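Undergrad: Please find the sequence and the predicted model below.
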Amino acid sequence: MADKAIDFVQGTLDMLILKTLALEPMHGYGIALRIEQISKGTFRVNPGSLFPAFRRLERGGWIKPEWSPTENNRRAKYYSLTERGRKQLKAETDAWGKQIAAITRIMEAS
Amino acid sequence: MSPLRNLWAGLWALFQKKQIEREMDEELKGYLDAAAEDKMREGMSREAALRAARVEMGSVDAVKEEIRSAGWESALETLWQDIRYGLRQLLRNPGFTAVAVLTLALGIGINSTIFSLARGMLLAPPPVHDPEHIAVVSGGDLADGWLLGPVSTSDFADWRAQNHVFEAMAASAPGADMDLALQGAPEMVTGVPVTANYFDVLGVGPALGRSFVHGEDDEEGRGHVVILSDALWQERFAADPRVVGSAIRINGVSFTVVGVMPARFKFWLTPAQLWFPLTGPASRKSRSLFVLARLRPGTSVEQASAEMETIAARLARQNPDTNKGWTSSTLTLSQYRARQSVDAGRVLAILMAAVGLVLLIACANVAGLLLARGAARRQELAIRSALGAGRGRLIRQLISESLVLGILGGAFGLLLARWGTRLLHSLMNFNQVMGAIPLEVDANVLAFTLAISILAVMVCGLIPALQSSRTDPEAALKAGLRTGGSSARSRLRRIMVGAEIAFAVVLLSGAGILIRGVVAEFTADLGFTSQGIWSIGISLPARQYQTPAKQLSFFRLVAERIGVLPGIRSVAIVNGMPVAGANAVPFSIGSEPPLKDDKVPQASYYDISLDYFRTLEIPLVRGRAFTDSDSANSTPVLIINQELARRYFAGQDPVGQYITFGEGTFVTLGGVLTPTSGLARRRQIVGVVGNVKEWLGQQGFEPQVYVPLRQIPLSEAIVVFRWGGGGAPSVAAIGRAIWSAGSEEVVVGGLESMGETIDKLGGGGPKLMGKLMGTFAALALLLAAVGVYGVISYVVAQRTHEIGVRVALGARRTDVLVLVLREMALVGGCGLASGLAASAPLPRLLRSVFSDLPTNPTTLLAGVAVIIAAIVLLASYLPARRATKVDPMVALRYE
C-alpha cells in the first residue's frame, strides 16, 4: 500500500482539497479518504500535511469550518468551500490544465 | 490570502490558544476514530484498528506542531520560547551575563549620551512657534565677507520701519553678567536685553505673568521690568508663583518681575537667566544687536532677503561714514543654525565616531565571550541538533539569546545615558551657549538606543551563532568536553581582539592629540602668568560718575579696598583682559598724527593702572613703568611692547621717542564708545614691556600700547587681581568692597578666574573634547585589555593538557610563558600596526576642527604604541602566569 503511494506535486494538495470540497462539506478523514479512493491509492494524505493545509486554506478564506454531528452522532469539524474558494479552485484548475498540457508536450517531445 | 484576515486569525490563535488547542485535539481524535472505524469495518479488531490508525498518523504532537507552524503566529511563539530559554541560560551563568550586559551597557550608554548631545545641538527644534517663518537678519560686512554680524540700533530701527516683508522684527543685545541681590550673597546672572515684542515674534508666551508690553523698551519707558527664566525661578525663587509682581534688585536697581518663561524655552541663540527691555541711545556705529523677524504669510525668505538688501544698500548710501560696505543677510532659523554649526557638526561627527569605536570594541568583547560560551555549549547544541533542530533553528535560538543580552544592555545603557547626559551638561556649563544646549533622554534618544542595541546584538551575536551552530552532532557528542573548540573559533577571536587593539590605538591617538593640544594651549606662554589671576567687570552709571576725576577716584578706591582683602596679592585696573581680544588704535611714529588710511599702523590699546604689570607679571624690558607722577597734568606717556619696538624702532632705543594716536572713536569690549579725542595726541614712550597674547592660539605677537589710567580714566573697566589664597576668592567680599567704594548703582559683572575666561573664549571646547575623548580612550583601553585577557585565559584553559605534557617533558616555566605570550604577539602586533596606520590622518582631521593642535604627532604615536603594548602584555601576562603554574599531574589527570 505505502509503496505505491507517491508524494504530491508541490502545491497540489490545496487544489485537491478544494476540489474534494466542491461536492459537499466534509470532515478531515472524509477528505483524506476521498482523495485516496479517487486516486485509487496513488495519493495517500498524511494528517501531518492535511491539517496544516486546512489551516492555510482557512486563513485564506477559501474554506470555512463548522462543527456538526457525524453519521455516528459524534461531533466533527466539517469544512465547506466558500465563494472565494470556488473562484480559487477555478483559477487553480485552469492553471493546472495549462501546466499539465505544457509538461506533457515537453515530455513527449523527443 | 488577505493579510488582514491572516493577521486577525493569527492574533485570534495567539489569544484563544486554549480553545484552538482543544479544537485541534478534538479534530485529530475524530480523525483517528474515523480511521479506526473504517479499519474495523474492514475486519480488524478494535485495538488493532486504533493502533494501525495511530501508526498511520505518526506522532500526534508532530502533527500538531505542523498545524501550529502553518500560521505566522508560531514564529512569534518560537521567538518568545527562545527568549525565555535564553533568559534561563543567562540566569544560569550570572558571571557571563553580568560582564556581557555591563560591557554592552557601557558601549550603548556613551553612544546614547553623545547622540543626545547631537540631537540637542543639531536636531532639536528651536523652542519657538512655527520656526520656519522666523528669519535671522544679520549685518554683513562686504569687505571681509562676514555675513552673520550684529546690527546697530539705528539700522535696526530703519529696517523695522522700512520693510514690507516681516510681520514684526525683534532684537536682543548681548547678555550681560548682572548682580541679583537676594538674601545673602549677591549672585551673578546673565541678563539679556530684548525688544518688548521679542517673545511675541518668537511666539512663546510666559508660563506665568505676562510678556513685555509695547513701550516698555522706549527710551522714556524704562519700565524696570524683568522676566525670569524657568531655571532661575526654580533655583532662586523656589518656584514661588508669588514672585510675579514682586520687586527684585538687579545691580542695585529695583525691577518688577512681570513673568516667568516656560521650562522648554531654552533658546540657544540667546541663552539667559532673565530678560529685560532693551533701551539705550540710538547708534549706527556700535553694532551689537541680534535681529529676529517673523515673515509675513506667503513671503519667502528669498523675497525678504532681497528687500532687506535693498534697504541696507539705501542706508549705506545715506550714511556712508558708518554703513559703507555693510549689507544685510536674511536666513531662516535653520539656515542660520546650519551656518553656525558647521564646526559643531564636525565635532559631533568625531565624537560619534569615537563612541562608535568604543561600542565596536564592546561588541567584539561580547562576541568573544559568546564564542567561548558556544564552545562550552557544544554538547548542548549537538543534542538539540541530534533531536532534530535544524541549523537555522539553532542560529535563531542563539541570536535570541543575544537579543536578550542586547535588550538588557540597552536598558542599562539608557540608565548610564541619563547619568551621562547630566554629567555632560555640567561639563558644558563653562559658557552660556553650550550650557543652553538641551540634553535629555527623550523619545529620539530612546529610539536610537533601541536601534543600536539591536545593531550591537547583530554585530556581536551573528558570527558566534553561525560559528557555534556549525556542529557535527556526532563528533561533538563523542569528543565530549575535552577539545575546547575549533581552531576557526579561536582564529575568529584573535582577529576580533586584533581589531579591538587597533580601535583602541585610534581612540588613544585621537585623545592624545586633543589633550596635548589642550595642554599646549594652557601651558603656552601667554606673556603673563595666568594662574591665580581673577577678574571682575565694573561699569559706572554715567549720571553719578560724569567727570574723569570721579571715575578715577572710584577705581583707585576699589583697587585699594580689594587689595586689603585676605589672600589678594595685587590688584590692577584695565580696560580689557589679555587673550580676550583687543581694540586697535591707529598710530604713527613721531609727532605727526597718522593719515586717515587703512594702511596706517595699528596697535592694541590697553588703559591700565599702576600695578597692572606687577599683577599680571608682565616683564618690563626697558625704561620704567607708570608711576604716581604720571598724572593728568604731566607729560602724556605710554609704554609699548617689544613687538612694536621691533617693528618700528629697529636698532633704536624707543624710550624717549614719541607716538601719536589717530583721531576718531572706537568701540571697547564692553560695547561702550570711548572717545579717543583725549587720546589724539602725542605721547612719549617711557618703557618697553614683554609681549602678551591677544587671543587664544595666536601665532606671533601684535604691537601693543599701554596708557596710564590716571591720564585717561575709564567709566567701564575690569578689576584684575592675583589671588594667593586657597580655593576661590569670595564673591560677596569682593562685591562688598566694590559697592562700599561707590554708589550701589555700579554695575558689577561676574567674578571669574583666568581659566574660566579662557574656557569662555573658546578654550573650553577643546578642553571638553579632550576630556570626552580621554574618557572614551580609557574605556576603549579597558575593554580591549579585557578582550586580550579573555583570549589568553581561553588559550590557557584550552591548552592546559598540552602544557601539562610539556612541563612533564621538562619545559621550564619561562618556556611555557613564552609559548602562551606568543599567541598574543602576532595579534597584538597586527592590531597595533593597523591602528597606527589608521591614526595617521587623525592630526589633519582634528586640526580641521581645532585649529591650534600640535603638528607633529610622531612622539605621541610612539607613546600610544608603548602604552598599548604594555597593556596588551599585562593583560596577557596575568592569565599566562596561570599556565606556568599548571601541575602536570593534575593537567594529565584532568582527562
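TA: Arrived safely, thanks for sending. Residues are numbered from 1 along each chain as shown, chains lettered A, B, ... in the order given.
Undergrad: Outside of the one helix or strand residue B:339 maps to itself, list whatever touches it.
TA: Under DSSP states H and E, the secondary-structure element containing residue B:339 is helix B:333-340. Contact with helix B:333-340 is made by B:122, B:126, B:128, B:131, B:132, B:134, B:135, B:136, B:138, B:148, B:301, B:331, as judged by C-beta atoms under 8 Å, 6 or more residues apart in numbering or on different chains. (C-beta placed from N, C-alpha, C; glycine too.)
Undergrad: cool, and stretch A:22-29?
TA: For stretch A:22-29, the surrounding residues in contact (C-beta under 8 Å, 6+ apart) are A:20, A:34, A:47, A:50-51, A:54, A:66, A:68, A:70, A:76-81, A:86, A:89, B:27, B:30-31, B:34-35, B:38.
Undergrad: Now, those residues that are in helices?
TA: Counted as lying in helices by DSSP state H, out of these, are A:20, A:34, A:47, A:50-51, A:54, A:86, A:89, B:27, B:30-31, B:34-35, B:38.
Undergrad: residues contacting the residue positioned nearest the centre of chain B?
TA: By C-alpha atoms, centre = their mean, chain B has its centre lying nearest to residue B:117, at 5.9 Å. By C-beta under 8 Å, 6+ apart, residue B:117 lies in contact with B:348, B:351, B:421, B:424, B:437, B:439.
Undergrad: gap between it and chain A?
TA: To chain A, residue B:117 is 49 Å away according to C-beta to the nearest C-beta, to the nearest Å.
Undergrad: my read is that residue is in a helix, agree?
TA: Yes - residue assignment for residue B:117, taken from DSSP: H, G, I helix; E, B strand; the rest coil, places it within a helix.
Undergrad: What pLDDT is listed against it?
TA: Among the per-residue scores, residue B:117 shows a pLDDT of 86.
Undergrad: by contact count, what packs against the helix or strand containing residue B:227?
TA: Taking DSSP H and E as the definition, one finds residue B:227 inside strand B:225-228. Applying 3 or more C-beta pairs under 8 Å, 6 or more residues apart in numbering or on different chains; DSSP states H and E, one finds that strand B:225-228 contacts strand B:253-260, strand B:274-277.
Undergrad: next SSE after the shortest one?
TA: Proceeding N to C from strand B:274-277, the next assigned helix or strand is strand B:287-295, under DSSP H and E.
Undergrad: can you state the direction angle for that following strand and helix B:333-340?
TA: Interaxial angle of strand B:287-295 relative to helix B:333-340 (axes from the mean of the first three to the mean of the last three C-alpha atoms, to 10 degrees): 140 degrees.
Undergrad: in chain A, which residue is closest to the centre?
TA: The centroid of chain A falls nearest to residue A:17 when counting by C-alpha atoms, centre = their mean (1.7 Å).
Undergrad: Using the three-state scheme, assign the residue in the stretch 51-200 of chain B positioned nearest to chain A.
TA: Among the residues of the stretch 51-200 of chain B, residue B:70 lies nearest to chain A; the distance is 3.9 Å by C-beta to the nearest C-beta. Secondary structure for residue B:70, judged by three-state DSSP, is coil.
Undergrad: Count the neighbours of it for me.
TA: The tally of other residues near residue B:70 (other C-beta atoms under 10 Å in any protein chain shown) stands at 18.
Undergrad: Also residue B:652?
TA: When neighbours are defined as other C-beta under 10 Å, residue B:652 has 11 of them.
Undergrad: how far away is it from chain A?
TA: Computed as C-beta to the nearest C-beta, the residue B:652 to chain A distance reads 102 Å.
Undergrad: so that residue sits in a helix?
TA: No - assessed with three-state DSSP, residue B:652 is coil; it does not lie in a helix.
Undergrad: Tell me which of the helices and strands packed on strand B:225-228 is the most buried.
TA: Ranked by mean neighbour count under mean count of other C-beta atoms under 10 Å in any protein chain shown, the helices and strands packed on strand B:225-228 are led by strand B:274-277, which reaches a mean of 24.
Undergrad: Find the nearest non-adjacent residue to residue 27, please.
TA: Just going to use chain A. Counting by C-beta to C-beta, 6 or more residues apart in numbering or on different chains, the nearest residue to residue A:27 once its immediate chain neighbours are dropped is residue A:76, at 4.1 Å.
Undergrad: nope, chain B
TA: Spatially, and ignoring its direct neighbours in sequence, residue B:27 is nearest to residue A:77 (4.8 Å; C-beta to C-beta, 6+ apart).
Undergrad: Which of the contacts of residue B:117 fall within helices?
TA: Using DSSP H to define helices, the subset of the contacts of residue B:117 located there is B:348, B:351, B:421, B:424.
Undergrad: Just name the closest of those to chain A, please.
TA: Ranking the ones in helices among the contacts of residue B:117 by separation from chain A, with C-beta to the nearest C-beta as the measure, puts residue B:421 on top at 47.7 Å.
Undergrad: Switch the helices and strands packed on strand B:225-228 over to a markdown table; also include distance to chain A.
TA: Output for the helices and strands packed on strand B:225-228, formatted as a markdown table (distance: least, C-beta to the nearest C-beta, whole Å):
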| stretch | distance to chain A |
| --- | --- |
| strand B:253-260 | 60 |
| strand B:274-277 | 64 |
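Undergrad: Point out the residues in chain A that sit beside chain B.
TA: Contact residues (C-beta under 8 Å from any C-beta of the partner chain) of chain A with chain B: A:27-30, A:32-33, A:46-49, A:51-56, A:58-61, A:70, A:72, A:74-77.
Undergrad: Name only those of those that count as buried.
TA: Of all those considered here, the ones buried according to neighbour count by 16 or more other C-beta atoms under 10 Å in any protein chain shown are A:27-30, A:32-33, A:47-48, A:51-56, A:58-61, A:70, A:76-77.
Undergrad: Could you rank the contacts of helix B:333-340 by neighbour count and give me the top one?
TA: Comparing these by number of neighbours (other C-beta under 10 Å), residue B:135 comes first, having 25 neighbours.
Undergrad: list the helices and strands the strand or helix carrying it packs on?
TA: Taking DSSP H and E as the definition, one finds residue B:135 inside strand B:134-141. Identification of packing neighbours for strand B:134-141 by 3+ C-beta pairs under 8 Å, 6+ apart yields strand B:146-149, strand B:151-152, strand B:287-295, helix B:301-318, strand B:326-332, helix B:333-340.
Undergrad: Now do the strands in the stretch 451-600 of chain B.
TA: Listed in chain order, the strands of the stretch 451-600 of chain B (DSSP state E, counting those that start in this stretch) span B:533-539, B:568-574, B:584-589.
Undergrad: between those, which one is nearest to chain A?
TA: With respect to chain A, and counting by C-beta to the nearest C-beta, the nearest of the strands of the stretch 451-600 of chain B is strand B:533-539 at 77.7 Å.
Undergrad: Quick check: neighbours of that closest one in the sheet, parallel or antiparallel?
TA: For strand B:533-539, the paired strands and their directions (DSSP bridges) read strand B:716-723 (antiparallel), strand B:747-753 (antiparallel).
Undergrad: Only alpha carbons, please: show the shortest one as CSV.
TA: These are the backbone C-alpha positions of strand B:747-753, laid out as CSV (Å, rounded to 0.1, in the frame of the first residue of the first chain):
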residue,chain,number,x,y,z
VAL,B,747,27.1,97.5,37.6
VAL,B,748,29.3,94.6,38.6
GLY,B,749,29.9,91.6,36.3
GLY,B,750,30.7,88.0,37.1
LEU,B,751,33.9,87.1,39.0
GLU,B,752,35.9,84.6,37.1
SER,B,753,39.3,83.1,37.1
